[in-house]
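**Student:** Provided below for reference: sequence and predicted model.
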Amino acid sequence: MLQSIVWDVNPVIVELFGREVRWYGLMWGVGFLIGFELISRIFKNENGGADWADKIFIYMFVGTIIGARLGHCLFYEHWFDWVDSNGVLQEGYISHPLNLLKVWEGGLSSHGGAFGILVSMYLYNRNVTKKGFIWIFDRLVIPVAFVGACIRFGNLMNSEIYGEPTNLAWGFEFVRDYTWHKPIAEGGSGGLPVHPTQIYEILYCLVALGVTSFMYWKKRAYERKGLIFGTFLLIIFGTRFLLEFIKNNQESFEQNLLLNMGQILSIPFIIWGCWLIINALKNNPSNSK
């Protein structure tokens, strides 16, 4: 009988010219490329400008990376010098601001990426489409859901961001992650099988992809402004909020919080999603094409 799954996958695919090519980076690339194809088809269906897809790719890529990196540094890291649990002085970003640029060393926040997308799409709407902020997101969330699934697959290959210990048969042993071996009292998993929350998140991203695609292509839900976007926010951040109850905290300071940082940051998106859905259903549909 299956007791648990030993996950010992190498996060590095190959080394080229002294540089590692990792699954995580590859999945980011795959997500953006296929996402570009998805949004291109949507814009073609909308009779959009010839350069809309090319420009949104640039805005999205820059906004997501900058937002995800700054979000991680702002919400999960130390800006000022601090003393760790071993009494050793650690230097924050104020002392070494260039460390903010070290994306290759890890540290990207999905909530930060969401904020980065919001800002970049505000600028994109103002400079390119001029059709409205919500108009863009009623279409953009379809490729975003796919990119989200790809990123979580990258997290799985990195053996990172997993859940608490479980006795379920599909519990994973992330033997390559040193924090998995740490005692539970020290914030680790004690070497016990844990919830593979990366897979759970892949699944709800795929659910969001399926639901929003169906709403757009089959039900023409884009005629009710904000309905697709609001549904996406509820699926992604509502599920994320619940999933955090079985997910390991990313930083030690979250141990003393009633809700962890991921849940706190999800609440505004959940409220926004509810408001968008209610508002969309209350108003009469209009042809957005």
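**Tutor:** Great, that's in hand. Numbering: from 1, shown residues only.
**Student:** just read off the phi/psi values of Trp7.
**Tutor:** phi -100, psi 100 (degrees, to the nearest 10).
**Student:** excluding chain neighbours, what is closest to it?
**Tutor:** Excluding the flanking residues, the one nearest Trp7 by Cβ to Cβ, 6 or more residues apart in numbering is Phe172, at 4.8 Å. Every C-beta, even on glycine, is put in place using the N, C-alpha and C of the backbone.
**Student:** the one you found contacts Tyr162, correct?
**Tutor:** Yes - counting by Cβ atoms under 8 Å, Phe172 does reach Tyr162; the two are 6.6 Å apart.
**Student:** quick one: the helices in the protein?
**Tutor:** Along the chain, the segments classed as helices by DSSP state H run 23-45, 52-76, 110-124, 133-157, 178-181, 197-217, 227-233, 239-243, 261-282.
**Student:** and those helices, which one is worst for confidence?
**Tutor:** Lowest mean pLDDT within these: helix 52-76, a mean of 83.
**Student:** who are the contact partners of Val30?
**Tutor:** By Cβ atoms under 8 Å, 6 or more residues apart in numbering, Val30 lies in contact with Cys150.
**Student:** could you redo the last one with a cut-off of 10 Å?
**Tutor:** 23, 146-147, 150, 153-154 (Cβ atoms under 10 Å, 6 or more residues apart in numbering).
**Student:** also Leu227?
**Tutor:** By Cβ under 10 Å, 6+ apart, the neighbours of Leu227 are 134, 138, 212, 215-216, 219, 221, 276-281, 283, 285.
**Student:** neighbours of the closest residue in space to Arg139 that isn't next to it in sequence, just the number please.
**Tutor:** Using Cβ to Cβ, 6+ apart and skipping residues adjacent in sequence, the residue nearest Arg139 is Ile42, 4.8 Å away. The tally of other residues near Ile42 (other Cβ atoms under 10 Å) stands at 21.
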